[in-house]
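# Predicted model, plus sequence, below.
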Amino acid sequence: MVSGSKALRRFNHLLNETQAAYRETAAALGLSDSVMRILYALWDSDGRCPLREVCRQAGVTKQTINSALRRLEADGLVRLERAGGRNKDVCLTERGTELAGRTVARIIAAENAVLAAWTAQEVEDYLSLTEKYLMGFREETQELHRR
């Protein structure tokens, strides 16, 4: 068995710890991880977002998103609206907007505070390197997706 380099182990550790920090924050705010991701996408899109974009931004399975959306809809926090053809938009209701304002808006404010403490060059370096890693990973694993 070939193990990863020390840098790869550190990278994976930091990635996992970052994801855990978001899950813990969502839980502290009374949200499941999937609900937090949906509300985040909607808040970031001014309260309305195509369903397919919510799924893409959330980074979890469509089944998980649909299950969470059904709960949010039943609780009167979101509504689904037709958006031409078979497309749907997810929209925050007034109650949903209030909840997102008390929860994900605070998460976004914390993210902005972290980035505001960095220099413009540090932000650009971080984003550039993260994008470079993502593009490289996708290129390196492209053949795995064809199997």
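Ah, there it is.
# Every contact and neighbour count from this point should use C-alpha atoms.
OK.
# If I look at the nearest residue to residue 55 once chain neighbours are set aside, what pLDDT would I see?
Closest residue to residue 55 apart from its sequence neighbours, by CA to CA, 6 or more residues apart in numbering: residue 62 at 6.0 Å. You'll see residue 62 listed with a pLDDT of 85.
# repeat for residue 85
According to the prediction, residue 85 has pLDDT 86.
# tell me the secondary structure for it?
Look at residue 85: counting by DSSP: H, G, I helix; E, B strand; the rest coil, its state is coil.
# ok, residue 51 to residue 89 distance?
5 Å (CA to CA, to the nearest Å).
# can you give me the offset of the one helix or strand residue 123 maps to from its chain's centre?
Per DSSP states H and E, residue 123 falls inside helix 120-145. In terms of CA atoms, centre = their mean, to the nearest Å, the centre of helix 120-145 is found 17 Å from the chain centre.
# Flag every buried residue along that helix.
Buried residues in helix 120-145, counted by 16 or more other CA atoms under 10 Å: none are found.
# what about it, average pLDDT?
Computed over helix 120-145, the mean pLDDT rounds to 95.
# Test for you: state the pLDDT assigned to residue 1.
55.
# I should have written residue 6 there, sorry.
pLDDT, residue 6: 93.
# Roughly how far does it sit from residue 12?
In this view, residue 6 and residue 12 are 10 Å apart by CA to CA.
# Who has more neighbours out of these two?
Between residue 6 and residue 12, counted using other CA atoms under 10 Å, the more crowded position is residue 12 (13 against 9).
# which residues touch the spatially most central residue of the chain?
Geometric centre of the chain, nearest residue: residue 58, 4.0 Å, by CA atoms, centre = their mean. Contact analysis of residue 58 by CA atoms under 8 Å, 6 or more residues apart in numbering lists 34, 37-38, 41, 65.
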